[in-house]
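Undergrad: Predicted coordinates and the sequence they were generated for:
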Amino acid sequence: MKLIGAGFGRSGTMSIKAALEQLGYGPCYHMKIALCRYWHLGFFLRAWRGEEVNWKRFFRRYNSVVDWPSCSFYKDLMKEYPDAKILLNIRDPENWYDSMYQTIWAIQTAFPWWFPKVVCTIHNEIIWNGNLRAVFENRKKTLEEYKEWIEEVKNTVPPARLLVYQVKDGWKPLCDFLGLPVPEGKAFPHINERKNFKRIIRLLNVVHWLVPTLLLIVAGSLFYFLT
């Protein structure tokens, strides 16, 4: 593990993931990977609840991590990987809240009742009731929690080991921090996931009703032909 992201999600993490992988710091672990592997979510929940976990075994194939749920454990990961650098990815707090509200918060209500509960559980325990202390519906308090997290990371990580970074700053500060040259002729990746979230929400809303409807049709057909 060469780099640990300590900043919250919805602060440029997909762009940072792409940039790190271009710089040779991949594979980079991100929430999108966790959501495709539900047993990973169980691992993070065990760690959050205080159970002993093997970080090095879990991250053995990754050279960097960003986004939730990894950022919630940056202190543990700092100790586990004493040579890893710490990246505190941030963005304007007001814009961050708007992005959270329109994506991760909005998608919760779209999850069908039959969707794996571990997905909602990890969001509730680690993000909404954990890092954000169950105040997300209160914009002012949430912004205070966001700013407090940033200050906590700054006060926890030794300055020589820390980069406070916004994706709008592009390649140079990131490359300087990592001791690498700026990639020639390559624009810094800017991946906007908000449109993807909206598509997923629309799809989940359709699926929410489609699957039970199909099950009722199948059950009705079986009942008709077997009686």
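TA: Nice, thanks for sending it over. Numbering: from 1, shown residues only.

Undergrad: and residue 18, how far is that from residue 188?
TA: Counting by Cβ to Cβ, to the nearest Å, the gap from residue 18 to residue 188 is 9 Å. Using the backbone N, CA and C atoms, a C-beta is placed for each residue, glycine as well.

Undergrad: nope, residue 121 is what I was after
TA: Taking Cβ to Cβ, one finds residue 121 at 35 Å from residue 188.

Undergrad: Show me which of these two is the more surrounded one.
TA: Comparing residue 121 with residue 188 by other Cβ atoms under 10 Å, the one with more neighbours is residue 188, at 18 against 14.

Undergrad: Quick check: residue 174 touching residue 19?
TA: Yes. At 6.5 Å, residue 174 and residue 19 qualify as touching, with contact defined as Cβ atoms under 8 Å.

Undergrad: Would you map the strands across the chain?
TA: 3-5, 28-29, 64-65, 85-89, 162-165 (DSSP state E).

Undergrad: what's the fourth one packed up against?
TA: Using 3 or more Cβ pairs under 8 Å, 6 or more residues apart in numbering; DSSP states H and E as the contact definition, the elements that strand 85-89 packs against are strand 3-5, helix 13-22, helix 139-156, strand 162-165, helix 171-178.

Undergrad: cool, and the first one?
TA: With contacts defined as 3+ Cβ pairs under 8 Å, 6+ apart, the secondary structure elements packing on strand 3-5 are helix 13-22, strand 64-65, helix 74-80, strand 85-89.
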